[in-house]
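Sequence and predicted structure below; questions after.
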Amino acid sequence: MSITAEDFLPDSLLDTFRERAVIHDRENTFPEDDLADLRERGYLRLLVPTELGGLGASLLEATRIQRRLAQAAPATALSMNMHLVVTGAALHAHRLGMDSVRTILEDAAADQLFAFGISEAGNDAMLFDASTRADEQPDGGFQLTGTKIFTSLAPVWDRLVAHGRVAEASEADPKLLFGVLERTDAIEVLDDWDTHGMRPSQSRTTKLHAAPVAAERVLTSTPVGPNQDSFVMGIFGAFELLIASVYTGIAERALAVGTRIATTRHNATKGIVHADDPDIRWRLANAAIAVDGIVLQIEKVTADLDALGTGESGTGLTDHGPRWFLHFSGVKSRATETAISAVDQVLRASGGAQYFRRSELERLSRDVRAGMYHPSDEESVHASYAKALLGDIGTPRPALPR
């Protein structure tokens, strides 16, 4: 059964979220009431298959719901992305036959909230390497020691998916360990989130002090470096596509606000409403054209990923093979940069009143800029595309003609 964003998140609920977002942004607090409302609607079970007790949504349906949620409460949407990334990755790997991820889906069906502990300061490789140390234990479990940054849902998560470099692996064949942590005294969450935008997400720093991963909660082990592990691919794809959806939703909301302003704001000099000013019309149309294109890109790649996991095929659905990771990062990059540009266009079209903190556009303009800091960043996306086109730097080239 199809789950529509409009039915799942009705207008009345979004109005409530939007009112709360103003307060949580000002007070730098986590939106616990939003989380409670989303729990009640089954948000945590959204991507869990129906046979495991979930709502059985596709990743495509989840991206649409996240775009809609971001139009009301961007930081709430960004926070909930982390749970959906974990469950989305588990869904992808489960479809491809990975048994170890079933516990994630079962926990989510039981209303357990997952967070995502992968980012580390200075680790540009992200999923494909770690500075966190993973020490193997006699019972087959591991202990993780290191520091994770940007861990959204930090005040409230029940389970944390994290990774580390296996200490016992040889230097010639380094390994990564991915597993699920529970809250224990070995996990320290700092109260250090005071940022320019996305303030209610409370994506705080998390320190792991020999934090235990039980043997039965080990998800996968991979080589260091890019690889085709189904859980890792699921994380990469779900993360990039859901992040792209959140920032696209912010741009869509900015366009709606800017359109309303244009129809009510008058230009006393020209004696016209701004909606009839050719310059204002061009700016808003320019933003809308760009955002429309990004929505189509997100929908296409997400539908393709859903089809890969389910084995479905049909006209227009594509297995991108070795280019999957390029497409994931490319869509994220284009979406976040487009969203920033679109919000700026709306601001330019809407007048100086939007510079005040009482303006929703002012808040959206701060929240949208967080998109540039999420992986994959512009540098890594360009490096990946350059490598796909030109090979590694220093690759032997044909001799130049004399």
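Arrived safely, thanks for sending.

What segments of the stretch 101-250 of the chain are strands?
Secondary structure of the stretch 101-250 of the chain, counting by DSSP state E, counting those that start in this stretch: strands at 114-117, 133-136, 142-151, 159-166, 175-182, 187-189, 204-213, 218-223.

can I get the CA coordinates of the second one in CSV?
Included here for strand 133-136 are C-alpha records, laid out as CSV according to Å, rounded to 0.1, in the frame of the first residue of the first chain:
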residue,chain,number,x,y,z
ARG,A,133,39.8,1.9,17.2
ALA,A,134,37.9,-1.4,17.2
ASP,A,135,39.4,-4.0,19.6
GLU,A,136,38.1,-7.5,19.2
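
Where do the helices of the stretch 201-350 of the chain begin and end?
Using DSSP state H, counting those that start in this stretch, the helices assigned to the stretch 201-350 of the chain run over residues 230-264, 278-310, 324-350.

would TSV of those helices with distance to residue 24 be doable?
Any C-beta I mention is one placed from the backbone N, CA and C, and that applies to glycine too. Listed next are those as TSV, based on distance: least, Cβ to Cβ, whole Å:
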stretch	distance to residue 24
helix 230-264	16
helix 278-310	25
helix 324-350	20
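
From the ones you listed, pick the one with the highest average neighbour count.
Compared across the helices of the stretch 201-350 of the chain, helix 230-264 shows the largest average neighbour count, a mean of 24 (mean count of other Cβ atoms under 10 Å).

Now distance to residue 384 and mean pLDDT too, for the helices of the stretch 201-350 of the chain, in CSV please.
Output for these, formatted as CSV (distance: least, Cβ to Cβ, whole Å; pLDDT from 0 to 100):
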stretch, distance to residue 384, mean pLDDT
helix 230-264, 12, 97
helix 278-310, 15, 95
helix 324-350, 6, 97
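
which other residues reach stretch 320-337?
Contact with stretch 320-337 is made by 226, 233, 236-237, 240-241, 243-245, 247-248, 294, 297-298, 301, 304-305, 368, 371-372, 374, 376, 378, 380-381, 384-385, 388, as judged by Cβ atoms under 8 Å, 6 or more residues apart in numbering.

how about a cut-off of 6 Å?
With Cβ atoms under 6 Å, 6 or more residues apart in numbering as the test, stretch 320-337 has contacts from 236-237, 240, 243-244, 247-248, 294, 297, 301, 371, 376, 381, 384, 388.

tell me the phi and psi of residue 153?
Per-residue torsions, residue 153: phi 70, psi 20 (degrees, to the nearest 10).

Likewise for the one 3 residues further on?
Dihedral pair for residue 156: phi -130, psi -10, per degrees, to the nearest 10.

Now do the domain split for this structure, please.
Per automatic domain parsing, the domain ranges recorded for the chain read 5-109, 114-223, 230-390.

Out of those domains, which gets nearest to residue 402?
Checking these against residue 402 by Cβ to Cβ gives domain 230-390 as the closest, at 23.0 Å.

export the domains of the chain to a markdown table and tack on distance to residue 397?
Below are the domains of the chain laid out as a markdown table (distance: least, Cβ to Cβ, whole Å):
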| stretch | distance to residue 397 |
| --- | --- |
| domain 5-109 | 38 |
| domain 114-223 | 26 |
| domain 230-390 | 9 |
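
how far away is residue 93 from residue 243?
Using Cβ to Cβ, to the nearest Å, we find residue 93 at a distance of 19 Å from residue 243.

still on that earlier bit, for residue 198, which of the strands of the stretch 101-250 of the chain is the nearest?
Residue 198 lies closest, by Cβ to Cβ, to one member of the strands of the stretch 101-250 of the chain: strand 142-151, at 9.9 Å.

Look up which helix or strand residue 78 falls in, please.
In this structure, residue 78 sits in helix 74-95 according to DSSP states H and E.

Can you get me the centre-to-centre distance for that helix and its chain?
Centroid separation for helix 74-95 versus its chain: 8 Å, with Cα atoms, centre = their mean, to the nearest Å.

Check which helices and strands it is in contact with.
On a contact count with 3 or more Cβ pairs under 6 Å, 6 or more residues apart in numbering; DSSP states H and E, helix 74-95 meets helix 59-70, helix 102-109, strand 114-117, helix 230-264, helix 278-310.

still on that earlier bit, any chance of a markdown table for the strands of the stretch 101-250 of the chain, columns mean pLDDT and distance to residue 22?
Output for the strands of the stretch 101-250 of the chain, formatted as a markdown table (pLDDT from 0 to 100; distance: least, Cβ to Cβ, whole Å):
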| stretch | mean pLDDT | distance to residue 22 |
| --- | --- | --- |
| strand 114-117 | 95 | 25 |
| strand 133-136 | 97 | 42 |
| strand 142-151 | 97 | 23 |
| strand 159-166 | 98 | 29 |
| strand 175-182 | 97 | 34 |
| strand 187-189 | 98 | 26 |
| strand 204-213 | 98 | 22 |
| strand 218-223 | 97 | 38 |
